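Asks: predicted structure and sequence below. I'll ask about it afterward.
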Protein chains: 2
Amino acid sequence: VIGEFELINRLRAKAGLRGDRVLRGAGDDAAVVRTDGVVVVSVDAFVEGVHFRLATTSLEDLGHKCVAAGLSDLAAMGASAGEVYLVLGLPENIGDREVMELMHGAEALASRFGVTICGGDLTASNELFVAVTAIGHAPDESHLIGRGGARPGDVLGVTGRLGGAGAGLMLLERKEHGIPIEIGEALIDRQRRPVPRLEAGAALARAGVSAMIDLSDGLASDCARLSEESGVMLEVQLAEIPVEDGVDEVAALLGTTGAEFAAGAGEDYELLLTVAPEQASTVDQAAEAAGVQVSWVGKALEGSGVRLLDRSGSHRPLQGWDHFARRSSGRPHPGQA
Amino acid sequence: VIGEFELINRLRAKAGLRGDRVLRGAGDDAAVVRTDGVVVVSVDAFVEGVHFRLATTSLEDLGHKCVAAGLSDLAAMGASAGEVYLVLGLPENIGDREVMELMHGAEALASRFGVTICGGDLTASNELFVAVTAIGHAPDESHLIGRGGARPGDVLGVTGRLGGAGAGLMLLERKEHGIPIEIGEALIDRQRRPVPRLEAGAALARAGVSAMIDLSDGLASDCARLSEESGVMLEVQLAEIPVEDGVDEVAALLGTTGAEFAAGAGEDYELLLTVAPEQASTVDQAAEAAGVQVSWVGKALEGSGVRLLDRSGSHRPLQGWDHFARRSSGRPHPGQA
């Protein structure tokens, strides 16, 4: 239901109607959207003190990130992005102006991908939270990639470079770090303004990847999910992980390597994929045409679980995020188990 | 994103797959659902201390009510109910057992309407909240009824009887009330276990109603929404409001009449509709075939706003709920402005 009158009217006025799918947007009991054959639906929650802290995240950043996370799930399926719905739980210190800032960040990203924010709900609450529903479209199921399709022998790839968002968070949380300002700002931007890999996701789906997942909780955690759904073991070579510029330096402050930090850090929203080895070059070309590079970081084997291997072939312990395990703790740092 | 491993696996095991729309349910980046032509999407939030109190709402009731509210929005559009997605914010005092109870209530209602709960997200939080996404289906937009179609001259009807859910809440909040136990229990059941009018909503849509909305916040508030979206004035005769058994007695405890109480009380989840007067008898028949009675309580006129009229034709002040206006207050009583 869309309610709460005045503020909602201002939000409706701000929300752009994009494309020709949305037949009825905010203002009714429900939105009405034209489909192709199947819809792809993702829901995600973001809670202050668990997923973000307002000390290091502006409302505009928050709006951007919540929409990015929802669209990233659609990218990981290879779906075409359609609509986003936002539920906001608003404590007393978040006034109408702050809500409009959040909406501004959400709208700016939605606009970049032709996505319509076409509904939501506002409620009073004691803590700030956002629940995002993202809906994507495809002609039929055969166009979509799941987490369950990896087969033994497949190679394991990842788009872009990892660890940037986690390193950016470290820099936001620590004032004294000695990292040069240009590198620091780029890392902080990766933390504050992740960009969902929608074009790459669709291109990789067409190129025949066998399984795909977006890296929201970190390579180690998300490998574990893909491994479990596919019924394979995933072996990752730490030395092959593409590490974002400056992450080595941030990791050194924590007494670890850039690759280990990058394997445990979340929120990069890159895509992790598997593909039969004979199709890896097709995937390389498709990714390049979509403006991103795939790094081949490991392979799928018979078995279960995830192995991180260092240069010597020794196993490294898995690290990743579980927002649920850390109830009511402050914002966890990436890399914590 | 579906995460949080062990508990999620238990929830997945519990969630029934109903019908043949759901191609992929929980366990992937997103669910994949086959559509007919258009989807209808509603999102709603429920926060402890704002929408419910655990002192008077069991976790099983809460699961039921959240699903009921989502499906009621679909009923108000005349859509066929499809899937529900649940986001749960879980404070430390809500353990796995309580989550399973909530899921049990949600599943029981979903099962009754052939609906699949096919995804969600769990997160730590400081207060218990639920965000519900309900998705319905229709062949095309022309099968759906909005809030904006009422025209001057239309008659205004409502399904079922009103005030029961609000009166039930009063009884839960007050131990001493002198209401006979059988009547009290029926009212409390209306509060705890509202039933969305899915069959009636579809039948009324086919019977040619011009506008429809579900009564979540109360007749007065929801009339105001329908009036605003349609650009008409709505005139309601208090004496024509169908008042649930026992509501007169509960209202008397509060020094008001059953009809005034029923006009302000929320959570009945009945349907409010308008239709051209010459089609009112078609609507009566369609409702009866769907097992519910429509009461004709007023009409749409040129103008704006809502008028509640008593027997003498005097205006009565509007009362209704606005969850947003009462930030961080306790659970508001129905009937408060």
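Replies: Arrived safely, thanks for sending.
Asks: any low-confidence regions in chain A?
Replies: For chain A, the stretches flagged by pLDDT under 70 are A:1-6, A:318-337.
Asks: all helices of it, in order?
Replies: With DSSP state H as the criterion, chain A has helices at A:5-14, A:59-77, A:96-112, A:164-173, A:181-192, A:198-206, A:219-230, A:247-253, A:258-264, A:280-289.
Asks: relative to B:V294, which of these is closest?
Replies: With Cβ to Cβ, the closest approach to B:V294 among the helices of chain A belongs to helix A:5-14: 27.6 Å. In short, each C-beta sits where N, CA and C put it, glycine included.
Asks: check the offset of the closest one from the chain's centre.
Replies: The chain centroid and the centroid of helix A:5-14 are separated by 28 Å under Cα atoms, centre = their mean, to the nearest Å.
Asks: what angle do that helix and helix A:96-112 make?
Replies: 30 degrees (axes from the mean of the first three to the mean of the last three Cα atoms, to 10 degrees).
Asks: and helix A:5-14, what does it pack onto?
Replies: Where contact means 3 or more Cβ pairs under 8 Å, 6 or more residues apart in numbering or on different chains; DSSP states H and E, helix A:5-14 is packed against helix A:96-112, strand A:116-124.
Asks: indicate which one of those is closest to chain B.
Replies: strand A:116-124 (3.9 Å; Cβ to the nearest Cβ).
Asks: what about the closest one, near chain B?
Replies: Yes. Under the criterion of Cβ under 8 Å from any Cβ of the partner chain, chain B is reached by strand A:116-124 at A:C118, A:G119, A:G120, A:D121, A:L122, A:T123, A:A124.
Asks: need the residues you listed in a markdown table (columns: distance to B:A150 and neighbour count).
Replies: Below are the residues of strand A:116-124 next to chain B laid out as a markdown table (distance: Cβ to Cβ, whole Å; neighbours: other Cβ atoms under 10 Å in any protein chain shown):
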| residue | distance to B:A150 | neighbour count |
| --- | --- | --- |
| A:C118 | 22 | 29 |
| A:G119 | 21 | 31 |
| A:G120 | 24 | 30 |
| A:D121 | 23 | 24 |
| A:L122 | 25 | 21 |
| A:T123 | 27 | 22 |
| A:A124 | 30 | 22 |
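Asks: of those, which is the nearest to B:E229?
Replies: For those, the nearest to B:E229 is A:G119 (13.8 Å; Cβ to Cβ).
Asks: wait, isn't the closest one in contact with B:V40?
Replies: No. Here A:G119 does not reach B:V40: they are 10.6 Å apart, not a contact under Cβ atoms under 8 Å.
Asks: quick check: neighbours shared by these two?
Replies: A:A30, A:A31 (Cβ atoms under 8 Å, 6 or more residues apart in numbering or on different chains).
Asks: look up which residues are beta-bridged to A:L234.
Replies: In this entry, A:L234 is beta-bridged to A:A300, A:V306, by DSSP bridges.
Asks: so can I have TSV of the helices of chain A showing mean neighbour count?
Replies: Below are those laid out as TSV (neighbours: other Cβ atoms under 10 Å in any protein chain shown):
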stretch	mean neighbour count
helix A:5-14	15
helix A:59-77	27
helix A:96-112	19
helix A:164-173	25
helix A:181-192	18
helix A:198-206	23
helix A:219-230	24
helix A:247-253	20
helix A:258-264	27
helix A:280-289	17
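Asks: same list (these) but as a markdown table, adding distance to B:V47.
Replies: A markdown table is the format used below for these (distance: least, Cβ to Cβ, whole Å):
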| stretch | distance to B:V47 |
| --- | --- |
| helix A:5-14 | 17 |
| helix A:59-77 | 18 |
| helix A:96-112 | 16 |
| helix A:164-173 | 28 |
| helix A:181-192 | 27 |
| helix A:198-206 | 32 |
| helix A:219-230 | 29 |
| helix A:247-253 | 37 |
| helix A:258-264 | 33 |
| helix A:280-289 | 42 |
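Asks: quick one: which of the ones you listed is nearest B:T159?
Replies: helix A:5-14 (24.8 Å).
Asks: still on that earlier bit, need the helices and strands packed on helix A:5-14 in JSON lines with distance to B:D44, can you?
Replies: Output for the helices and strands packed on helix A:5-14, formatted as JSON lines (distance: least, Cβ to Cβ, whole Å):
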{"stretch": "helix A:96-112", "distance to B:D44": "18"}
{"stretch": "strand A:116-124", "distance to B:D44": "5"}
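Asks: between those, which one is closest to B:E240.
Replies: Nearest of these (Cβ to Cβ): strand A:116-124, 31.1 Å.
Asks: that closest one: partners in the sheet, and parallel or antiparallel?
Replies: Checking strand A:116-124 against DSSP bridges gives partners strand A:80-90 (parallel).
Asks: how about the partner strand: buried residues?
Replies: By 16 or more other Cβ atoms under 10 Å in any protein chain shown, the buried positions in strand A:80-90 come out as A:S80, A:A81, A:G82, A:E83, A:V84, A:Y85, A:L86, A:V87, A:L88, A:G89, A:L90.
Asks: okay but the fifth one is in contact with A:G70, surely?
Replies: Looking back up the chat, that one is A:V84. Yes. If you go by Cβ under 8 Å, A:V84 and A:G70 touch, sitting 5.7 Å apart.
Asks: sweet, I'm off.
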